[in-house]
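Undergrad: I'd like to go over a predicted model; first the sequence, then the structure.
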Amino acid sequence: DAGVIQSPRHEVTEMGQEVTLRCKPISGHNSLFWYRQTMMRGLELLIYFNNNVPIDDSGMPEDRFSAKMPNASFSTLKIQPSEPRDSAVYFCASSLILAGGRNIQYFGAGTRLSVL
Amino acid sequence: SQQGEEDPQALSIQEGENATMNCSYKTSINNLQWYRQNSGRGLVHLILIRSNEREKHSGRLRVTLDTSKKSSSLLITASRAADTASYFCAVETSGSRLTFGEGTQLTVNP
């Protein structure tokens, strides 16, 4: 398997524009996570899907952020409108969590977002 | 409350030396995991230790867990320049929630 695939790797946009980040999880995994990493705040969990259903979106900063998982092999994180403080590296991770099992996460390479 | 706080924040050693990083947490856990992040890359899972285990080894890695003190340590023996990275502990709690610490930046000088 190619691992978790994220696109684009880098995104530079202007304040106010819509940004869409994409993620393809590892085939067979049932859980998907979106994280944001900054120097100031470290690694923050934004949202967690299990079997394509959002389970915990308490980390989503505000209504400008939305995430979808229309099927088991694709997820998007959208920011509309984007602001300079959204600049960060966004990671997608996937995991196979079984009943009573362990949550070992596999991370993509990340998308480095710069909002000017 | 902050889970998975690493100590030290940064560590610089010479190649061949051992590196020890510590992690403290606040609540009951199912397991504790360590991840590595090379510069500009995603996190990579290294090792998992269950709450009923006290020590685990994997190659040059040794992890200990003391649930009474709510702490864990990661020891990398005979370090190499390629071990230079950030190391994160992550605690898994009920509902399979995984919470990451802020990481220790390890620099191994050749």
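TA: Sure, I can see it.
Undergrad: if I look at the closest residue to chain A within chain B, how far off is residue A:10?
TA: Chain A sits closest to residue B:42 of chain B, with a gap of 3.2 Å, by C-beta to the nearest C-beta. For the C-beta atoms, the positions are set from N, CA and C on the backbone; glycine is no exception. For residue B:42, the distance to residue A:10 equals 14 Å [C-beta to C-beta, to the nearest Å].
Undergrad: between those two, which has more neighbouring residues?
TA: Using other C-beta atoms under 10 Å in any protein chain shown as the criterion, residue B:42 and residue A:10 rank with residue B:42 on top: 22 against 10.
Undergrad: chain neighbours aside, what residue packs nearest to the more buried one?
TA: Nearest non-adjacent residue to residue B:42, counting by C-beta to C-beta, 6 or more residues apart in numbering or on different chains: residue A:107, 3.2 Å away.
Undergrad: need phi/psi at residue A:88.
TA: Phi and psi for residue A:88, reported as degrees, to the nearest 10, are phi -180, psi 180.
Undergrad: pLDDT score for it?
TA: pLDDT for residue A:88: 97.
Undergrad: test my guess that it contacts residue A:40.
TA: No - counting by C-beta atoms under 8 Å, residue A:88 stays clear of residue A:40, with 9.4 Å between them.
Undergrad: these two: which is more packed in?
TA: Shown here are residue A:88 and residue A:40; by other C-beta under 10 Å, residue A:88 has more neighbours (20 against 6).
Undergrad: residues contacting that one?
TA: A:36, A:37, A:38, A:113 (C-beta atoms under 8 Å, 6 or more residues apart in numbering or on different chains).
Undergrad: make it 6 Å
TA: Contact analysis of residue A:88 by C-beta atoms under 6 Å, 6 or more residues apart in numbering or on different chains lists A:36, A:38.
Undergrad: distance of it relative to chain B?
TA: According to C-beta to the nearest C-beta, to the nearest Å, residue A:88 and chain B sit 14 Å apart.
Undergrad: that residue bridge partners, please.
TA: residue A:113 (DSSP bridges).
Undergrad: how far away is it from residue A:48?
TA: Distance, residue A:88 to residue A:48, using C-beta to C-beta: 18 Å.
Undergrad: check which residues of stretch B:62-71 are buried.
TA: B:62, B:63, B:64, B:65, B:70, B:71 (16 or more other C-beta atoms under 10 Å in any protein chain shown).
Undergrad: surely residue B:91 touches residue B:29?
TA: Yes - if you go by C-beta atoms under 6 Å, residue B:91 and residue B:29 touch, sitting 4.7 Å apart.
Undergrad: for the chain, which segments count as helices?
TA: I went with chain A, as the question did not name one. With helices called from DSSP state H, chain A shows none.
Undergrad: near chain B, which residues of it?
TA: Within chain A, the positions lying close to chain B (C-beta under 6 Å from any C-beta of the partner chain) are A:42, A:43, A:91, A:97, A:102, A:103, A:104, A:107, A:108, A:109, A:110.
Undergrad: which one of those residues sits closest to chain B?
TA: Nearest to chain B out of the residues of chain A next to chain B is residue A:107 (C-beta to the nearest C-beta; 3.2 Å).
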